[in-house]
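Colleague: What shape does this take:
(2 chains)
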Amino acid sequence: MTLHGILNAAQGMQYFQRRVETTSSNLANLESDGFKSDLITASLRAGTMMPEAVSTIDLSQGTLNRTGRTLDMALEGPGFFTLGTKTGERLTRRGSMELDGLNRLSDGHGNLYLGEKGPITLPSDHAVIEIAPDGTVSADGQEIDKLRLATVPDTSTLSKEGEGRFVAGGKVEPMSADLAPVRQGAVEESNMNVMTGTIDLVMIQRAYASNVEALKAMDSVLGSVVNEVGKV
Amino acid sequence: MNPGLRASASGMQAQQLRIDTIANNLANVSTTGFKRSRASFEDMLYETLQGARSVDYQGTQTLAPVQIGRGVRLAAIDRVHSQGTIETTNRPLDLAVEGDGFFQIQMPDGTTAYTRDGNFHLSDNGTLVTNAGYEVMPAVTVPADATNFSVSPTGIVTVNVGNNSAPQEIGQLELARFANPSGLMSLGGNLFGASANSGDAMTGQPNQNGFGQVVQNALESSNVEIVQEMVDMITAQRAYEVNSKAIKTADDMISTVTNELIR
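Modeller: Below you'll find the model as predicted:
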């Protein structure tokens, strides 16, 4: 029986280990634009009483921060921008754009922001770039394309790729900018809350220590049983 | 050993970079035509751990993959090209651009540099140069006996020669604009260079087609706002602190195992 209890305590320790790794990663990204924090919750492992970590992404809106930079944009609402990458289409909330060698809107890593007609190329002889709240990109008043916004009906199918990109494992649907106006000259701040993170750290450490105590207690009982009982 | 430690270390490093950027901004709070920088960050590649089957409160069994983040990295350090305040200096050779556009400067190696610093001087030959001696393009040469150097908002340079009371046009200044000015490379000395990220330079006359106007007897101040930088510095410090707390927590957890469990 105590052997099973030791396994249980060890599983609990492993779960809190996952928790602290996730909290550390979230806290490291307190200043990352467009970052969505990860939440770890515990579910019961099927057929046992042991906790199993389940991760979800917290997609709540981050605060918009005005930077005044022409090629910065943020969504004020749900949904994502669409990126074209070498490995397929990706979703992102990061809107800090750069121009690549062919004057196309890119994310600085070789991935291109997609409009209704595909990658958005800015004409080389225009200079004032405007992004309207409905996603229309125009140069010197002339319309070029409209940003393709997307939404995911089942957000549990989303996973993170890093560099602000999300991979949709399930259905992706187009979204109108009425639900999320595009704000030019602003970035969306990380939605990680430093208060929650700090409190979590305290709680995780205490829970981990409690599991260690439980493990030590059971080990000591087992030790007594093995070494003392039956001693003549 | 503990991936959380590396993630927190990357977080502390990121805040360090932010402080470095803020420090450079603050150092240049009085530099003519300076444009502040802003560091932007993004998360790093994730590790997906495939968990065992878990049961939720309704009794349905699902496969539970867990994604563990690996920290943060610097995405870019962008220059913010917002307008700085125009400050009157009452010096005729001081020029500022109010709006979009850079002065064009001819570099000794033949390339063109761009600047918002209009603190100009006259060389020995009477040409308009920067305070480092580089010529302004298109070149403007002032005759030896000229007085009343005057620049209109559209960049037309006039002087009064000798006893002639009518102003004589001696040149036309042109400005350059870019699709993405924050992609310009910093060359030092208040100069910027074009790059693939900024797009090609588009030249034109001031005060038309979206180009800003030239203001004489004035210089453009740095666009660094001290309050903004101080607030950024405070948040960077607190973020640095909380990341170090995360390291301490992870460390305490490891030491709980190594010191208490192992007999």
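Colleague: which residues sit against whichever strand or helix holds B:Pro65?
Modeller: Assessed by DSSP states H and E, B:Pro65 sits inside strand B:61-68. Strand B:61-68 is contacted from outside by A:18, A:21-22, A:25, A:38, A:40, A:43, A:46, A:52-55, A:159-160, B:3, B:46-56, using C-beta atoms under 8 Å, 6 or more residues apart in numbering or on different chains. Using the backbone N, CA and C atoms, a C-beta is placed for each residue, glycine as well.
Colleague: Helices - which of those residues land there?
Modeller: Within the contacts of strand B:61-68, residues falling in helices by DSSP state H are A:18, A:21-22, A:25, B:3.
Colleague: The one helix or strand B:Phe103 maps to - contacts with which helices or strands?
Modeller: Using DSSP H and E, B:Phe103 falls within strand B:102-106. Applying 3 or more C-beta pairs under 8 Å, 6 or more residues apart in numbering or on different chains; DSSP states H and E, we find strand B:102-106 packed against strand B:112-115, strand B:135-137, strand B:175-177.
Colleague: Quick check: neighbours of that strand in the sheet, parallel or antiparallel?
Modeller: Taking DSSP bridges as the criterion, strand B:102-106 forms sheet pairs with strand B:112-115 (antiparallel), strand B:135-137 (antiparallel), strand B:175-177 (antiparallel).
Colleague: any chance of those in CSV, with mean neighbour count, distance to B:Thr235 and mean pLDDT too?
Modeller: Formatted as CSV, the strands paired with strand B:102-106 follow (neighbours: other C-beta atoms under 10 Å in any protein chain shown; distance: least, C-beta to C-beta, whole Å; pLDDT from 0 to 100):
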stretch, mean neighbour count, distance to B:Thr235, mean pLDDT
strand B:112-115, 21, 32, 94
strand B:135-137, 20, 41, 91
strand B:175-177, 23, 33, 92
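Colleague: same question for the top helix by length along chain A, mean pLDDT?
Modeller: The single longest helix within chain A, with elements called by DSSP H, is helix A:194-227. In this model, helix A:194-227 has a mean pLDDT of 91.
Colleague: For it, buried residues please.
Modeller: Residues of helix A:194-227 classed as buried by neighbour count (16 or more other C-beta atoms under 10 Å in any protein chain shown): A:194, A:197-198, A:200-201, A:204-205, A:207-209, A:211-212, A:214-215, A:218-219.
Colleague: same deal with stretch B:218-229?
Modeller: By neighbour count with 16+ other C-beta under 10 Å, stretch B:218-229 contains the buried residues B:218-224, B:229.
Colleague: Name the nearest of those relative to chain A.
Modeller: B:Asn223 (8.7 Å; C-beta to the nearest C-beta).
Colleague: Which element, helix or strand, includes that closest one?
Modeller: Using DSSP H and E, B:Asn223 falls within no helix or strand.
Colleague: didn't it look like it was pressed against B:Gln83?
Modeller: Yes. Using C-beta atoms under 8 Å, B:Asn223 is in contact with B:Gln83, at 6.9 Å.
Colleague: quick one, helices of chain A?
Modeller: For chain A, the helices defined by DSSP H occupy A:2-28, A:194-227.
Colleague: among the ones you listed, which is nearest A:Asp154?
Modeller: Closest approach to A:Asp154 among the helices of chain A (C-beta to C-beta): helix A:2-28, 21.5 Å.
Colleague: Quick one, grab the pLDDT at B:Ala64.
Modeller: Looking at B:Ala64, its pLDDT is 67.
Colleague: quick one on the thing from earlier: of the strands paired with strand B:102-106, which is nearest A:Asn227?
Modeller: Evaluated over those, closeness to A:Asn227 peaks at strand B:112-115, with 81.7 Å, by C-beta to C-beta.
Colleague: Which is the succeeding secondary structure element to the closest one?
Modeller: Scanning forward in sequence from strand B:112-115 by DSSP H and E, the next helix or strand is strand B:121-122.
Colleague: now what about that next one, what contacts it?
Modeller: With contacts defined as C-beta under 8 Å, 6+ apart, strand B:121-122 is touched by B:93, B:128-131, B:142.
Colleague: and those, which two are the farthest apart?
Modeller: Going by C-beta to C-beta, the pair spanning the contacts of strand B:121-122 furthest: B:Asn131 and B:Val142, at 16.4 Å.
Colleague: who has more neighbours, these two?
Modeller: More crowded of B:Asn131 and B:Val142, by other C-beta atoms under 10 Å in any protein chain shown: B:Val142, with 20 against 13.
Colleague: Please see if stretch A:210-220 touches chain B.
Modeller: Yes. Counting by C-beta under 8 Å from any C-beta of the partner chain, chain B is contacted by stretch A:210-220 at A:212, A:215-216.
Colleague: Could you list the buried residues of stretch B:76-89?
Modeller: Buried residues in stretch B:76-89, counted by 16+ other C-beta under 10 Å: B:76-81, B:83-84, B:89.
Colleague: Please apply the same query to stretch A:62-74.
Modeller: In stretch A:62-74, counting by 16+ other C-beta under 10 Å, buried: A:62, A:67-74.
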